[in-house]
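> everything below, folded, please.
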Amino acid sequence: MRFEGRRCLITGAGGFIAANLIPQLLALGACVHAVTRPGSNLWRFAGGGGHIKNHQLNKPGGPGPVSAGGAAPPQY
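Alright, predicted model coming up:
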């Protein structure tokens, strides 16, 4: 699959798996949209330049499902 110019939404972007996934997607030319909690350590985003956008979700009431609002349709 080709990722150049494609939008990739990574939930849990502050976690362990994202630490390896995000740099790989950026290296393949993807435009990464990373979903994090407020206060997350964003060290793994360093060097992403304009190809990465961080979206912080602050869900009232603590952990649980959240709706991202469908701002960007998926690309298959």
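> ok, the helix or strand of the chain with the lowest mean pLDDT: who's next to it in the sheet?
Least confident helix or strand, the chain: strand 52-56 with a mean of 85, by mean pLDDT, DSSP states H and E. Here strand 52-56 has these sheet partners by DSSP bridges: strand 31-36 (parallel).
> ok, and what's touching the partner strand?
With contact meaning C-beta atoms under 8 Å, 6 or more residues apart in numbering, strand 31-36 is reached by 5-14, 18, 22, 25-26, 42, 45, 48, 51-57, 68, 72. To be clear about C-beta, it is placed using only N, CA and C from the backbone, and glycine gets the same treatment.
> below-threshold pLDDT in this protein: ranges please.
44, 46-50, 59-76 (pLDDT under 70).
> just the helices in it please.
Shown for the chain, the helices assigned by DSSP state H span residues 16-27.
> which ones are touching Glu4?
28-30.
> now, of the contacts of strand 31-36, which are buried?
6, 8, 10, 13-14, 18, 22, 25-26, 45, 48, 52 (16 or more other C-beta atoms under 10 Å).
> would you turn those residues into JSON lines with distance to Thr36?
Converted to JSON lines, those look like this (distance: C-beta to C-beta, whole Å):
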{"residue": "Arg6", "distance to Thr36": "20"}
{"residue": "Cys8", "distance to Thr36": "15"}
{"residue": "Ile10", "distance to Thr36": "9"}
{"residue": "Ala13", "distance to Thr36": "5"}
{"residue": "Gly14", "distance to Thr36": "5"}
{"residue": "Ala18", "distance to Thr36": "9"}
{"residue": "Ile22", "distance to Thr36": "11"}
{"residue": "Leu25", "distance to Thr36": "15"}
{"residue": "Leu26", "distance to Thr36": "16"}
{"residue": "Phe45", "distance to Thr36": "9"}
{"residue": "Gly48", "distance to Thr36": "13"}
{"residue": "Ile52", "distance to Thr36": "11"}
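> all good on my end, thank you.
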